[in-house]
Each structure stands twice: as structure tokens, then as C-alpha cells.
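Build me a model from this:
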Amino acid sequence: AYDVRAAAREQIESLGAKFVDTGVAADGAGGYARELTADEKAAQAEKLAKAVALADVVITTAAIPGKKAPVIITRDMVGRMKYGAIIVDMAAESGGNCELTQPGEHVIANDVNIHGPLNLPSRMPTHASELYAKNLYNFLSPWIKDGNLAFDWSDDVVAGTVLCRDGATVHPTVKQVLGEV
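Got it, this is the predicted structure:
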């Protein structure tokens with residue numbers, strides 16, 4: 001995996017992935033990356049070309065708010081990819097990170113499948129709601145007895161998450177913030 005933000009390296013490695021080090025660091029304000037200089041783009045392209053050629057799947061997400069997405073995967077890089085490789089260009093809506101992306105389309109170029117999905121946030125609400133509901137269920141299910149919610153108030157998980165009980169603030173940190181200690 002690759003990102004121009006230095007903090008991403010640790011995040012990538014924490015998931016067990018290998019970081020593709022291009023020698024380019026472009027941290028910007030608010031957690032976003034700044035736009036790369038021409039020299040940085042050239043250095044990035046040289047290193048990424050090797051990694052992209054070996055990849056079975058490439059997922060791109062680079063976008064600059066209010067601007068055209070930077071082209072990271074060139075026509076030449078696609079030409080060096082394996083037969084049947086896949087590119088999912090999540091920046092297709094703003095032009096795409098792959099030179100051959102057609103926004104909203106699935107194209108095949110040099111036997112590489114290039115997907116340019118649009119309006120990805122619209123596909124998320126159902127899955128996000130299901131995930132949130134599953135998390136709530138998994139959190140509460142140990143205390144569901146015969147269809148009723150029966151908390152064990154001495155349990156560390158319950159004690160660490162309950163803020164108020166029977167009209168009183170019970171969480172120590174919240175009590176301290178409220179000046180009730």
C-alpha cells in the first residue's frame with residue numbers, strides 16, 4: 001500500500017501490508033496530502049510503476065478537494081500490469097487516478113479491468129447501519145437474559161461505558177469534568 005502522508009505508513013503496516021516507499025512525503029493541513037511538485041510526481045511514478053506492475057489489484061483513492069484527481073497510474077503502467085489485473089479507481093468522480101479510467105464505467109485496457117465507480121458514499125449507508133447495529137448487538141448481547149436487558153453493573157465493560165445511572169452521573173471521568181468529584 002502507498003500514501004504520500006507519512007502517518008499512513010504506520011497505519012498500513014499495522015494492518016499487515018507492506019508499504020511502498022517512494023521517498024515522497026507530502027503531508028498537508030487537516031490530514032490531507034498537499035499537491036505534489038513535478039519532481040515528487042516523477043519520483044513517485046518511477047517507484048509506483050514497479051509495484052503496480054506486480055499487483056493483482058490496485059485500489060486508488062487520491063483526491064484533492066475541489067480539484068481534479070491526480071493521475072497516479074499512467075497508460076504505460078497499465079500496459080505493464082498482469083493479464084486480468086484489476087484497478088478500482090475510487091477517485092473516478094473527480095477524473096480518476098488512472099489515466100484510462102472512464103468515470104462510471106468498467107473498461108478493459110491491455111487485459112486489465114478498470115472500474116470507475118461514481119457516488120460511492122451513496123452505497124455506504126446500508127452497510128454502515130448494518131455494521132453499527134451489529135456492533136451494538138455484540139456490545140449488549142452478553143446482558144440479554146430471556147429477552148430482557150440485565151446489566152451486570154460490576155462488569156468492567158459496563159462500568160467503563162455507563163455515564164449515568166438512576167439519574168446520577170457514575171462515570172469517574174465525566175464526574176470530574178462536571179466538577180462532581
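
Report pLDDT for residue 168.
Note on residue 168: pLDDT of 93.

Determine the number of other residues adjacent to residue 3.
Around residue 3 there are 20 other residues, counting by other Cβ atoms under 10 Å. Just so you know, the C-beta spots here come from the backbone N, C-alpha and C atoms, and that holds for glycine as well.

I figured it hits residue 10, correct?
No. When contacts are counted by Cβ atoms under 8 Å, residue 3 is not listed as touching residue 10 (10.7 Å).

got the contact list for residue 69?
62-63, 91-92, 94-97 (Cβ atoms under 8 Å, 6 or more residues apart in numbering).

Residue 41 in helix, strand or coil?
Judged by DSSP: H, G, I helix; E, B strand; the rest coil, the three-state class of residue 41 is helix.

ok, now which ones touch it?
residue 70.

can you map out the helices along the protein?
With DSSP state H, the ranges of helices along the chain come out as 6-14, 38-54, 75-79, 125-140, 156-161, 172-177.

Serialize those helices to JSON lines and add fields for distance to residue 29 and mean pLDDT.
Shown next, in JSON lines, are the helices of the chain (distance: least, Cβ to Cβ, whole Å; pLDDT from 0 to 100):
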{"stretch": "helix 6-14", "distance to residue 29": "13", "mean pLDDT": "87"}
{"stretch": "helix 38-54", "distance to residue 29": "17", "mean pLDDT": "90"}
{"stretch": "helix 75-79", "distance to residue 29": "29", "mean pLDDT": "96"}
{"stretch": "helix 125-140", "distance to residue 29": "27", "mean pLDDT": "91"}
{"stretch": "helix 156-161", "distance to residue 29": "34", "mean pLDDT": "91"}
{"stretch": "helix 172-177", "distance to residue 29": "29", "mean pLDDT": "92"}
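
count of neighbours near the residue lying closest to residue 117 once chain neighbours are set aside?
Setting aside the residues directly before and after it, residue 117 is nearest to residue 92 in space (Cβ to Cβ, 6 or more residues apart in numbering), at 6.1 Å. Neighbour count of residue 92, defined by other Cβ under 10 Å: 25.

go on, residue 148?
7.

Please report the distance of it from residue 137.
In this structure, residue 148 and residue 137 are 15 Å apart, going by Cβ to Cβ, to the nearest Å.

Which pLDDT value belongs to the closest residue to residue 31 other than its chain neighbours?
Once flanking residues are discounted, residue 31 sits nearest to residue 5: 7.6 Å by Cβ to Cβ, 6+ apart. At residue 5, the model reports a pLDDT of 82.
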